[in-house]
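>>> just the structure for this:
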Amino acid sequence: MLRDLLAYRTFIINMVLKDLKLRYQASILGFLWSMLNPLLMLVIYTVVFSKVMRVTTEGNYTFFLFSGLMPWTFFSGSLIASTDSVIGSAGLIRKVRFPHETLPVATVLFFFAQLVLALLVVVPGLVLITGARMTAVAWFAVPLLLLQLAFTTGLAFALAALTTVFRDITHLTDVVLMVLFWCTPIVYPAEMAPVALQTWFRLSPVSGFIEAYQALLVRHRLPDAGALAMLVMWTVVALVVGHALFRRLSPTFAEAV
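Sure thing, here's the model as predicted:
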């Protein structure tokens, strides 16, 4: 897989750049539109949960919310779009020979590029506006982002392949992500959740990533070593199983789409 992706890296980069150009073509605000939705959610959730529902967190609540909401936006957007990455490229698959893995990979990288661009703009702005403190520990969020990128790519492989067989995967993904959002400590700290839900947090890789970001950016400390080991394990499992499933179904893509 890595050999094929490296061989077709120019193809992947061009696909990502093409999608970025098409997304903001003839748009006055351009890239700013990609930040509008998460920023609007950030403002709404900050008002509702910190002012109305009085949720208390360690450190600044807006920055706490940001540390979970931005990675979640990348994660959910990538998975939803990945369900269409293969079936939406039917003409290309039927006419050109190329590694089909490049399709979900390009989709995930498109959303990752938007995340990185947004972080470069939003983080300095939030630090200035909210007065949140940034420490050297925050730089460990970079390898954590790359780990989340690999984990998300593994899930994208599985969803892209399964959607060619079961079209309902697209709708099911939307529903599961909606439920998963509220079962992940994004708008509230894990300590506020019932004991049963806290057990789920310890097992869920999505919650693991969010809590790791919160530890680095809000609590200014390294995540628990055991929790990080679990995230690495989940990432390896997602990549191995997701790619194996993709490779198994790949020969049927031309007929299925």
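>>> mind checking the SS state of the nearest residue to Val86 once chain neighbours are set aside?
Once flanking residues are discounted, Val86 sits nearest to Ala160: 4.7 Å by C-beta to C-beta, 6 or more residues apart in numbering. No exception for glycine: its C-beta is placed from N, CA and C like everyone else's. At Ala160 the chain is in helix, as set by DSSP: H, G, I helix; E, B strand; the rest coil.
>>> now stretch 155-162: how far from the chain's centre is it?
14 Å (C-alpha atoms, centre = their mean, to the nearest Å).
>>> what's around the residue nearest to Val86, how many residues?
Burial of Ala160 is recorded as 33 neighbouring residues (other C-beta atoms under 10 Å).
>>> any idea how far it is from Leu245?
10 Å (C-beta to C-beta, to the nearest Å).
>>> same question, Trp72
For Trp72 relative to Leu245 (C-beta to C-beta), the value is 24 Å.
>>> do Asp19 as well
24 Å.
>>> where do the strands of this protein begin and end?
Taking DSSP state E, the chain contains no strands at all.
>>> hang on, the earlier thing: just checking, the residue nearest to Val86 touches Ala81?
No. Contact between Ala160 and Ala81 fails when scored by C-beta atoms under 8 Å: they sit 9.5 Å apart.
>>> give me the common contacts of the two.
Common neighbours of Ala160 and Ala81, using C-beta atoms under 8 Å, 6 or more residues apart in numbering, are Thr107.
>>> how many residues are close by the closest residue to Gly208 other than its chain neighbours?
In space, and not counting its chain neighbours, Gly208 is closest to Leu231: 5.0 Å by C-beta to C-beta, 6+ apart. Residues contacting Leu231 under the criterion other C-beta under 10 Å number 20.
>>> what does the pLDDT read for Leu231?
Listed pLDDT for Leu231 reads 96.
>>> which residues sit in contact with it?
Counting by C-beta under 8 Å, 6+ apart, the residues that Leu231 touches are Leu147, Phe151, Pro205, Gly208, Phe209, Ala212.
>>> considering the residues you listed, which possesses the most neighbours?
Counting by other C-beta under 10 Å, top hit in the contacts of Leu231: Phe209 with 26 neighbours.
>>> which non-adjacent residue is nearest that one?
Gln148 (5.2 Å).
>>> so what's the residue count around the one you found?
Residues lying near Gln148 (other C-beta under 10 Å) number 26.
>>> show me the contacts for it.
Gln148 neighbours (C-beta under 8 Å, 6+ apart): Pro71, Phe74, Phe75, Phe209.
>>> show me those that map onto helices.
Pro71, Phe74, Phe75, Phe209 (DSSP state H).
>>> now the two most distant members of those residues.
Pairwise distances across these (C-beta to C-beta) peak at 10.3 Å, for the pair Phe74 and Phe209.
>>> centroid-nearest residue for the protein?
Phe75 (1.7 Å; C-alpha atoms, centre = their mean).
>>> isn't that residue right up against Thr152?
Yes. In this structure, Phe75 is within contact of Thr152 by C-beta under 8 Å, at 5.6 Å.
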